[in-house]
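Peer 1: Sequence first, then the predicted structure, then my questions.
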Amino acid sequence: MSKANELRGKSLDELSSRLIELRKKQFSLRMQMGSGQGVRASEVRETRKNIARIKTVMKENEQGKNTNG
(Lines give C-alpha, C1' and ligand atoms only; values in the text may rest on other atoms or scores of the structure.)
Protein backbone atom coordinates (compact mmCIF):
# COMPACT_ATOMS: atom_id res chain seq x y z
CA MET A 1 0.00 0.00 0.00
CA SER A 2 1.27 3.43 -0.84
CA LYS A 3 0.46 6.39 1.32
CA ALA A 4 -0.39 9.73 -0.26
CA ASN A 5 2.61 11.38 1.43
CA GLU A 6 4.95 8.85 -0.19
CA LEU A 7 3.34 9.46 -3.57
CA ARG A 8 3.72 13.24 -3.33
CA GLY A 9 7.49 12.84 -3.39
CA LYS A 10 7.45 11.05 -6.75
CA SER A 11 7.69 12.56 -10.20
CA LEU A 12 4.80 12.68 -12.65
CA ASP A 13 6.43 9.98 -14.79
CA GLU A 14 6.73 7.63 -11.82
CA LEU A 15 3.11 8.24 -10.87
CA SER A 16 1.94 7.65 -14.43
CA SER A 17 3.81 4.36 -14.73
CA ARG A 18 2.49 3.20 -11.35
CA LEU A 19 -1.04 4.16 -12.42
CA ILE A 20 -0.74 2.12 -15.62
CA GLU A 21 0.58 -0.84 -13.63
CA LEU A 22 -2.35 -0.65 -11.20
CA ARG A 23 -4.89 -0.32 -14.02
CA LYS A 24 -3.51 -3.51 -15.59
CA LYS A 25 -3.77 -5.27 -12.23
CA GLN A 26 -7.33 -4.03 -11.81
CA PHE A 27 -8.25 -5.32 -15.27
CA SER A 28 -6.67 -8.69 -14.52
CA LEU A 29 -8.57 -8.98 -11.26
CA ARG A 30 -11.83 -8.09 -13.01
CA MET A 31 -11.24 -10.77 -15.63
CA GLN A 32 -10.47 -13.33 -12.93
CA MET A 33 -13.70 -12.45 -11.13
CA GLY A 34 -15.65 -12.73 -14.37
CA SER A 35 -14.26 -16.16 -15.13
CA GLY A 36 -15.24 -17.46 -11.71
CA GLN A 37 -11.79 -17.69 -10.17
CA GLY A 38 -11.46 -16.91 -6.51
CA VAL A 39 -10.31 -13.32 -6.07
CA ARG A 40 -9.91 -11.67 -2.69
CA ALA A 41 -12.26 -8.71 -2.42
CA SER A 42 -9.72 -6.93 -0.26
CA GLU A 43 -7.18 -7.03 -3.10
CA VAL A 44 -9.68 -5.49 -5.52
CA ARG A 45 -10.60 -2.80 -3.01
CA GLU A 46 -6.97 -1.98 -2.20
CA THR A 47 -6.08 -1.69 -5.89
CA ARG A 48 -9.01 0.66 -6.46
CA LYS A 49 -7.98 2.83 -3.51
CA ASN A 50 -4.36 3.00 -4.67
CA ILE A 51 -5.53 4.14 -8.11
CA ALA A 52 -7.60 6.86 -6.46
CA ARG A 53 -4.63 7.98 -4.33
CA ILE A 54 -2.38 8.32 -7.36
CA LYS A 55 -5.01 10.20 -9.35
CA THR A 56 -5.56 12.55 -6.40
CA VAL A 57 -1.86 13.33 -6.07
CA MET A 58 -1.56 13.86 -9.83
CA LYS A 59 -4.52 16.28 -9.73
CA GLU A 60 -2.98 18.14 -6.77
CA ASN A 61 0.27 18.55 -8.71
CA GLU A 62 -1.62 19.78 -11.76
CA GLN A 63 -3.61 22.34 -9.77
CA GLY A 64 -0.52 23.47 -7.88
CA LYS A 65 1.29 24.21 -11.15
CA ASN A 66 -1.70 26.07 -12.57
CA THR A 67 -2.00 28.40 -9.56
CA ASN A 68 1.72 29.17 -9.43
CA GLY A 69 2.06 29.96 -13.12
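Peer 2: The structure has been received and is ready for your questions.
Peer 1: dump the residue contacts of the residue sitting nearest the centre point of the chain.
Peer 2: Nearest to the geometric centre of the chain sits I51, at 2.0 Å (CA atoms, centre = their mean). By CB atoms under 8 Å, 6 or more residues apart in numbering, the contact set of I51 is 19, 22-23, 26. For the C-beta atoms, the positions are set from N, CA and C on the backbone; glycine is no exception.
Peer 1: If we use 6 Å, what do you get?
Peer 2: For I51, the contacting residues are L22, by CB atoms under 6 Å, 6 or more residues apart in numbering.
Peer 1: buried sites along the helix or strand encompassing it?
Peer 2: Taking DSSP states H and E as the criterion, the element that holds I51 is helix 41-68. Of the residues in helix 41-68, 44, 47, 50-51, 53-54, 57-58, 61 count as buried by neighbour count, 16 or more other CB atoms under 10 Å.
Peer 1: can the residues you listed go into CSV with extra columns for distance to G34 and pLDDT?
Peer 2: Converted to CSV, those look like this (distance: CB to CB, whole Å; pLDDT from 0 to 100):
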residue, distance to G34, pLDDT
V44, 12, 94
T47, 16, 96
N50, 21, 96
I51, 19, 96
R53, 25, 95
I54, 24, 95
V57, 30, 93
M58, 29, 93
N61, 34, 88
